[in-house]
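no sequence for this one, just the structure:
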């Protein structure tokens, strides 16, 4: 929900070319909207005369989605009814009546053929966009959907194995059989895309992403999301949104021509959809009806909503679900979660058999073993905590697993709950310090590392963490002193030499850094990161042959440290740049 003060509203600005959105502040100026990023850059002006709304604007509209003519690529989303009310005073052309009139503007030969129809919709105060969408031939809908699929396929390949295709078809058929008394023509595709999303496009086509499938905790969760998208398809919400985005005249041409050939950049238009709250409620109602009819528990649907709000563990996207701009067209709300949870129980069976669920999750490739193991640990610890919420060992185990998945905010919550239950545990303080450090909360990390060292003066991890935090804060002298003490008391701690070398590089002391990297290699001859970093220093100093030797050694090393992937990529890139063939 957007908040505002002194005429300043919070919003989200999308560039139309990606799924990311920037947080912005929006104010209503004399001649247009003033849009500022939260980083304090100069405001950009969106003149009122060039604003367009994807949905006819009403004074009490809770959500406002705007584009700026003539390019209409960037979109601005503000969720605040007072914003829509104030905007209408300054831009009355965005009102429902004005947009309907604009849709009737002549200029295309086919407009005359639908003039009486649109006028009737206007007089009866019906939604002309939805009515036009209902009259659009299935051939046009299917063509639009195909255009969108082709546009996406250029960036993200479809994921499919015989087993995953069969699993997805079984799930889809189970839901569509409960969706309507008449056959429902649907095509569901899974894309190799990290984004956690799902959306319906015209022509009964549904897109799921790898991020969504692997983020879901069960097949029931995917079934709930898929049923929701099928609800959008049943209500023709994608087609209705397209009519609103394109204008009634262009949609009328599609309706009569039966072809999508006259529409350019249709994929871009479709990616900008934001459904209204009414449309979301309609899709939710269809989803619950389908799930019940198919004998699939609605619990998974609610679980996924909670996962999006960060209340449940996520899958292998490597980030907290709550921290991402996810499913922007489907904002999860407490109201929707409560609605799902309020549904009465009924007899249900899993949406997919275990083998089918595994096949669907691995359609885009095997799930990383570490990720799968972390998921298992999270599930087991969660089950323990449901029975014993204050089980410190389970909290620590789940927190570590969250950290493996790079879900550091969830790890932080578990460690923070465990510490008061076992206040003298240095490891818990160290682990929370790591979570704070990963979230770039440096002062909090220093406090936790310091407390861990107080409780256990020889805690290597805490001292190394504190030194790395000092480096991240550019407090290089403090970092150097910390690493000096760490190496003095633990002369075989190889990471201490590598990390101290990084500080020495920051302090422009390459010779001393090379000595530390050489010492790290002497302790661990398979330390790929140390070879690659030393190679960079040799290359910068003009020692070409020594750099090549180090890069080759880095590629040959197979250590399992976090820096190994970086070392291999760096060594390969630099060898190519130096004219060395890499096999």
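Ah, there it is. All of these numbers come straight from a predicted model, not from anything done at the bench.

domain ranges for this protein, per the record?
For the chain, the structural domains run 4-94, 112-341, 511-583, going by automatic domain parsing.

which of those domains has the lowest average pLDDT?
Mean pLDDT is lowest for domain 112-341 out of the domains of the chain, coming in at a mean of 71.

isn't residue 223 right up against residue 351?
Yes. At 3.8 Å, residue 223 counts as touching residue 351 under the criterion of Cβ atoms under 8 Å. C-betas here are computed from N, CA, C, even on glycine.

shared neighbours, those two?
171, 296, 300 (Cβ atoms under 8 Å, 6 or more residues apart in numbering).

from those, which is closest to residue 506?
residue 300 (48.6 Å; Cβ to Cβ).

number of residues surrounding the closest one?
Using other Cβ atoms under 10 Å, the number of residues around residue 300 comes to 25.

distance from whichever strand or helix holds it to the middle of the chain?
For residue 300, the element it lies in under DSSP states H and E is helix 299-308. In terms of Cα atoms, centre = their mean, to the nearest Å, the centre of helix 299-308 is set 16 Å apart from its chain centre.

the very next helix or strand once past it vs helix 299-308, what angle?
Using DSSP H and E, the helix or strand that directly follows helix 299-308 along the chain is helix 334-341. Orientation note: helix 334-341 sits at an angle of 160 degrees relative to helix 299-308 (axes from the mean of the first three to the mean of the last three Cα atoms, to 10 degrees).

from the chain's centroid, how far away is helix 334-341?
Using Cα atoms, centre = their mean, the offset of helix 334-341 from its chain centre is 22 Å.

what does it contact?
By Cβ under 8 Å, 6+ apart, helix 334-341 touches 280, 284, 288, 298, 301-302, 305-306, 309.

possible to save those residues as CSV with distance to residue 375?
Listed next are the contacts of helix 334-341 as CSV, based on distance: Cβ to Cβ, whole Å:
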residue, distance to residue 375
280, 29
284, 27
288, 27
298, 23
301, 20
302, 20
305, 19
306, 17
309, 19
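
just the buried ones from those residues?
280, 284, 288, 298, 301-302, 305-306 (16 or more other Cβ atoms under 10 Å).

tell me where the stretch 151-300 of the chain has strands.
187-191, 198-201, 205-209 (DSSP state E, counting those that start in this stretch).

which of those is buried the deepest?
strand 198-201 (a mean of 26; mean count of other Cβ atoms under 10 Å).

give the partner strands of it in its sheet and their orientations.
strand 205-209 (antiparallel) (DSSP bridges).

got a list of contacts for the partner strand?
142, 145-146, 148-149, 152, 156, 186-191, 193-201, 222, 225-226, 229-230, 233.

give me the angle between that strand and strand 187-191.
20 degrees.

could you say which helix or strand holds residue 142?
Counting by DSSP H and E, residue 142 is found in helix 138-153.

let me fix that, I meant to ask about residue 382.
helix 369-387.

tell me what that helix is packed against?
helix 392-404 (3 or more Cβ pairs under 8 Å, 6 or more residues apart in numbering; DSSP states H and E).

mind listing what's buried in the helix it packs on?
392, 394-404.

which of those lies closest to residue 13?
Looking across those and measuring by Cβ to Cβ, the closest to residue 13 is residue 402, at 30.8 Å.

residues in contact with the closest one?
Counting by Cβ under 8 Å, 6+ apart, residue 402 has contacts 313, 374, 378, 408, 410-411, 414.

please enumerate the strands of the stretch 1-150 of the chain.
4-5, 8-14, 21-28, 32-37, 44-47, 51-53, 64-68, 75-78.

measure the closest residue to residue 48 other than its chain neighbours to residue 449 for me?
In space, and not counting its chain neighbours, residue 48 is closest to residue 91: 4.1 Å by Cβ to Cβ, 6 or more residues apart in numbering. Distance, residue 91 to residue 449, by Cβ to Cβ, to the nearest Å: 53 Å.

tell me which of these two has more neighbours.
Ranked by neighbour count (other Cβ under 10 Å), residue 91 and residue 449 place residue 449 first, with 29 against 23.

let's verify the nearest residue to the more buried one once chain neighbours are set aside: helix, strand, or coil?
Nearest non-adjacent residue to residue 449, counting by Cβ to Cβ, 6+ apart: residue 466, 3.9 Å away. Secondary structure, DSSP: H, G, I helix; E, B strand; the rest coil: residue 466 is helix.

do you know how far residue 466 is from residue 517?
Distance from residue 466 to residue 517, by Cβ to Cβ: 22 Å.

so residue 416, which of the three states?
Classified using three-state DSSP, residue 416 is helix.

got phi/psi on the residue nearest to it when sequence neighbours are not counted?
Closest residue in space to residue 416, ignoring its immediate chain neighbours: residue 432 at 6.4 Å, by Cβ to Cβ, 6+ apart. For residue 432, the backbone dihedrals (degrees, to the nearest 10) come out as phi -70, psi -30.

look up how far residue 378 lies from residue 432.
18 Å.

kindly report the same for residue 89.
51 Å.

okay, those two: which has more neighbours?
Legend: neighbour count by other Cβ under 10 Å for residue 89 and residue 378, higher for residue 378 (25 against 9).

so the more buried one sits against residue 399, correct?
No. Using Cβ under 8 Å, residue 378 is not in contact with residue 399, being 9.7 Å away.

related to what we said a few turns ago, dump the residue contacts of the residue nearest to residue 449.
So residue 466 contacts 433, 445-446, 449-450, 453, 482 (Cβ under 8 Å, 6+ apart).

pick the one among those closest to residue 420.
Among the contacts of residue 466, and counting by Cβ to Cβ, the member closest to residue 420 is residue 433, at 16.1 Å.

quick one: residues contacting residue 297.
220, 291, 348.

now do residue 188
168, 172, 205-208, 226.

identify the residue nearest it in space, chain neighbours excluded?
That would be residue 206: by Cβ to Cβ, 6+ apart, it lies 4.5 Å from residue 188.

who is that neighbour paired with across the strands?
Residue 206 forms beta bridges with residue 188, residue 200, as assigned by DSSP bridges.

against residue 363, how distant is it?
Applying Cβ to Cβ to residue 206 and residue 363 gives a distance of 15 Å.

where does pLDDT dip in the stretch 301-450 of the chain?
Across the stretch 301-450 of the chain, the ranges flagged by pLDDT under 70 are 307-333, 368-369.
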